[in-house]
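>>> build the 3D model from these lines:
(one chain, ligands or ions: 1)
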Amino acid sequence: QSQEFSQVRIDYHGALLALQEHGTRMVCTGKMHTDRICRFDYLCYCTEAEEFVFFHSNASVMLPNLGPRRFQPALLDLSSVEDHNTQYFNFLELPAAALKFMPKPVFVPDVTLILNRFNPDNLMHIFHDDLLPIYYTMQQYSDLDDEARLVFMEGWGEGAHFDLYRLLSSKQPLLKEQLKTFGKLMCFTKSYVGLSKMTTWYQYGFVQPQGPKANILISGNEIRQFASFLMERLNVTQEEGDDYIVVFKRTTNRLILNEAELLLSLAQEFQMRTVTVSLEEQSFDSIIQIISGATMLVSMHGAQMISSMFLPRGAAVVELFPYAINPEQYTPYKTLASLPGMDLQYVAWRNTMEENTVTYPDRHWDQGGIVHLEKEEQERILASKEVPRHLCCRNPEWLFRIYQDTTVDIASFLDILRETLKKPNLKKAKVASTVHPGRVREPKCQTSVQATNEAKLSVSWQIPWNLKYLKVKEVKYEVWIQEQGENTYMPYILPHQNYTFSENIKPFTTYLVWVRCIFNKNLLGPFADVLICKT
Ligand code: UDP
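Predicted coordinates:
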């Protein structure tokens, strides 16, 4: 067998017999290909055909058993990007008896997580599409532990930041290309295929213009726990000491042309030290180290801004946008900074002065060049003051504008910082509680009729059960009153555990009443069972 797996002794004969007798077994979670992760015993991969193989025997299991719907369009997404047609997973089927005529399989003894990285040359994609989803998929399945093997099937080389992927497990990740070196048929003893999409917050605009995902399921807490895990693995400890501002610059394109002036004005305005970092001049580890102690991060829009997840709570993220780019339409970093519990302040600045931009029409199209376009189209782009909404990924007007260099107008830049940033918050934020109230208990109503057109409705309840264990700054209650049969309701916010309503209460009428508790203005509890109150 191959060198790579020789540390773990496996009973080759036993494994081969098990595969021949039991075939492949698959059990998945998820109703759709977009939310499915599958666990396999003895999933095989044929390196010549570049196909996964499911061996049928009397004992094999395939759940869900979709029949041909397995191809409509696929069994599952191999990357965390939803329903991308270059990222689908499926397998070929063979009877286990065919093994007799096939090359001897090489068994992978490790518990393996098989997936596609989406774009391992871009830091934002690396973190958002790969590292976070891998980390939390591994948390979901307890046998995907530090000994787990990652297998990347997208077919790319290592990419610029392969070391980051190496931090997720103690075993060297395998690339598709490397699988060939092990043999013609590889069989993964135990494997998981696919990635959790629970942690992603952004969609890149393949079917509708880019923006935050419709249903974000991650909070700052999970991002920060992941960031702490990486920092621990990198032996990075948060820098203590004086306050400072980090300017994260790009050195090959999308430049800040008056960097020195920007640094000076930041230092003067905030009376702080300023430092610059770039991926070309520092290691990513040392950049994380610097950012983890910073009060403010200033950067041109771009993948390097994903490093804002390493900022301390209370810090500010200042994102700069080149001319004709509307910051509202490109918000991966704003969305990240604004996740509940991320506790970052976010400010966007955009260049509105055409004389302060430098364009590059002659560059290659993927760096924003437009000379390959028809003259009319070039002129339209040059005259346009804002890139219209567009889909990913090759819109020439977008690329032309996003790869401009910018002289930052210091006056408007400082204005927007002064307007938006809360000074006392900088780096001083406390971890806000995220404990939600339970239901209010024993809700009751009493009614009385005063006159033919006058009635009262008294509602009372007990505090939620968890409140007695908590220190909550502000406890309030919300009561909704709806006349039966009506579409609308009246909401009330109340400070105490009872209240008598008399305005808008009619005699001989049925009211539906809901009560819930609210901690600190925004932590809403569930409503108690509806009360039916007849006056
Ligand atoms: N990059 C960089 N310096 C540069 C230009 C790019 O470090 O001057 C990095 C960038 O952070 C990203 C990768 O190179 O990780 C690809 O950059 P690109 O401009 O394609 O993507 P974007 O930053 O717009 O997401």
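>>> and the chain, which residues reach the ligand?
N122, L123, M124, R250, T251, T252, N253, L279, G302, A303, Q304 (Cβ under 6 Å from any ligand atom). In short, each C-beta sits where N, CA and C put it, glycine included.
>>> can you tell me which of those residues are in helices?
In helices, defined here by DSSP state H, the members of the residues of the chain next to the ligand are L123, M124.
>>> for the chain, what's the longest helix?
helix 220-233.
>>> could you report the distance from G485 to the ligand?
Noted for G485: a distance of 55 Å to the ligand, by Cβ to the nearest ligand atom, to the nearest Å.
>>> pLDDT score for the most centrally placed residue in the chain?
For the chain, the residue nearest the mean C-alpha position is T200 (2.4 Å; Cα atoms, centre = their mean). You'll see T200 listed with a pLDDT of 98.
>>> how about it, what does it touch?
Counting by Cβ atoms under 8 Å, 6 or more residues apart in numbering, T200 makes contact with S80, V81, H128, D129, L132, P133, K213, I218.
>>> which parts of the stretch 51-200 of the chain are helices?
123-125, 132-140, 162-166, 176-179 (DSSP state H, counting those that start in this stretch).
>>> adding mean neighbour count, write the ones you listed out as a markdown table.
Formatted as a markdown table, the helices of the stretch 51-200 of the chain follow (neighbours: other Cβ atoms under 10 Å):
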| stretch | mean neighbour count |
| --- | --- |
| helix 123-125 | 20 |
| helix 132-140 | 20 |
| helix 162-166 | 17 |
| helix 176-179 | 16 |
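>>> mean pLDDT added to those helices, as CSV?
Converted to CSV, these look like this (pLDDT from 0 to 100):
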stretch, mean pLDDT
helix 123-125, 98
helix 132-140, 98
helix 162-166, 98
helix 176-179, 97
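>>> of all these, which one is nearest K375?
Among the helices of the stretch 51-200 of the chain, the nearest to K375 by Cβ to Cβ is helix 123-125 (34.4 Å).
>>> before we move on, back to that, okay, the residue nearest to the centre of the chain and L297: tell me how far apart.
22 Å (Cβ to Cβ, to the nearest Å).
>>> now K100
Distance from K100 to L297, by Cβ to Cβ: 61 Å.
>>> now swap in N253 and tell me
Counting by Cβ to Cβ, the gap from N253 to L297 is 20 Å.
>>> okay, the two: which has more neighbours?
Between N253 and L297, counting by other Cβ atoms under 10 Å, L297 is the more crowded of the two (26 against 15).
>>> before we move on, the earlier item: determine which two of the residues of the chain next to the ligand are furthest apart.
Farthest pair in the residues of the chain next to the ligand, by Cβ to Cβ: M124 and T251, 17.5 Å.
>>> for the ligand, what is the nearest residue in the stretch 101-250 of the chain?
R250 (3.2 Å; Cβ to the nearest ligand atom).
>>> which residues touch that residue?
So R250 contacts S278, M300, G302, Q304 (Cβ under 8 Å, 6+ apart).
>>> number of nearby residues for W480?
The burial count for W480: 15, using other Cβ under 10 Å.
>>> tell me the average confidence for the helix or strand where it lies?
In this structure, W480 sits in strand 475-483 according to DSSP states H and E. Mean pLDDT, strand 475-483: 98.
>>> list the buried ones in that strand?
Neighbour counts over strand 475-483 (16 or more other Cβ atoms under 10 Å) mark V475, K476, Y477, E478, V479, I481, Q482, E483 as buried.
>>> also stretch 452-460?
Buried, per 16+ other Cβ under 10 Å, within stretch 452-460: A455, L457, V459, S460.
>>> same question for the one helix or strand the last one maps to, mean pLDDT?
When secondary structure is defined using DSSP H and E, the element that contains S460 is strand 454-462. Averaged across strand 454-462, the pLDDT comes to 97.
>>> please renumber so the chain begins at 51
Understood, numbering begins at 51; the last thing we discussed is strand 504-512.
>>> packing partners for that strand?
Helices and strands touching strand 504-512, as assessed by 3 or more Cβ pairs under 8 Å, 6 or more residues apart in numbering; DSSP states H and E, comprise strand 491-501, strand 525-533, strand 548-551, strand 560-569, strand 581-584.
>>> just checking, what packs against the last one?
Strand 581-584 is packed against strand 491-501, strand 504-512, strand 560-569, with contacts defined by 3+ Cβ pairs under 8 Å, 6+ apart.
>>> using PDB, write out every CA atom in that strand.
This file holds the C-alpha atoms of strand 581-584, laid out as PDB (Å, rounded to 0.1, in the frame of the first residue of the first chain):
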ATOM      1  CA  LEU A 581     -55.800  34.000  25.800                       C
ATOM      2  CA  ILE A 582     -59.400  34.200  24.700                       C
ATOM      3  CA  CYS A 583     -61.000  36.900  26.700                       C
ATOM      4  CA  LYS A 584     -64.800  37.700  26.400                       C
END
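>>> buried residues of it, list them for me.
L581, C583.
>>> before we move on, back to that, taking the contacts of R300 one by one, which sit in strands?
Assigned to strands by DSSP state E, the following of the contacts of R300 qualify: M350.
>>> for stretch 142-161, how far is the first residue from the last?
21 Å (Cα to Cα, to the nearest Å).
>>> just the mean pLDDT for it, thanks.
The model assigns stretch 142-161 a mean pLDDT of 97.
>>> swap in stretch 318-331?
The model assigns stretch 318-331 a mean pLDDT of 97.
>>> what strands flank the strand holding W530, and is each parallel or antiparallel?
Applying DSSP bridges, strand 525-533 is found paired with strand 540-544 (antiparallel), strand 560-569 (antiparallel).
>>> for those, give me CSV that also has distance to I87, mean pLDDT and mean neighbour count.
As requested, those are arranged in CSV below (distance: least, Cβ to Cβ, whole Å; pLDDT from 0 to 100; neighbours: other Cβ atoms under 10 Å):
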stretch, distance to I87, mean pLDDT, mean neighbour count
strand 540-544, 41, 98, 12
strand 560-569, 35, 98, 21
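>>> return the set of buried residues in stretch 146-153.
Using 16+ other Cβ under 10 Å as the test for burial, stretch 146-153 gives A146, L149.
>>> stretch 387-404 now?
Applying 16+ other Cβ under 10 Å to stretch 387-404 flags 387-389, 392-401 as buried.
>>> before we move on, what about stretch 70-90?
70, 72-76, 78, 80, 83, 85-90.
>>> send the alpha carbons of that stretch over as PDB?
Provided in PDB are the C-alpha atoms of stretch 70-90 (Å, rounded to 0.1, in the frame of the first residue of the first chain):
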ATOM      1  CA  GLN A  70     -17.100  -7.300  -1.500                       C
ATOM      2  CA  GLU A  71     -19.700  -8.600   0.900                       C
ATOM      3  CA  HIS A  72     -21.300  -5.400   2.100                       C
ATOM      4  CA  GLY A  73     -20.800  -3.100  -0.800                       C
ATOM      5  CA  THR A  74     -21.100   0.600  -0.300                       C
ATOM      6  CA  ARG A  75     -23.500   2.100   2.300                       C
ATOM      7  CA  MET A  76     -24.800   5.600   2.200                       C
ATOM      8  CA  VAL A  77     -27.000   7.500   4.600                       C
ATOM      9  CA  CYS A  78     -27.600  11.200   4.100                       C
ATOM     10  CA  THR A  79     -29.200  14.200   5.800                       C
ATOM     11  CA  GLY A  80     -31.200  16.800   3.900                       C
ATOM     12  CA  LYS A  81     -34.200  16.800   1.700                       C
ATOM     13  CA  MET A  82     -32.600  18.500  -1.300                       C
ATOM     14  CA  HIS A  83     -29.300  18.400  -3.000                       C
ATOM     15  CA  THR A  84     -28.600  21.800  -1.700                       C
ATOM     16  CA  ASP A  85     -28.800  20.900   2.000                       C
ATOM     17  CA  ARG A  86     -27.500  17.300   1.800                       C
ATOM     18  CA  ILE A  87     -24.400  15.800   3.400                       C
ATOM     19  CA  CYS A  88     -23.900  12.000   3.000                       C
ATOM     20  CA  ARG A  89     -22.000   9.600   5.100                       C
ATOM     21  CA  PHE A  90     -20.500   6.500   3.400                       C
END
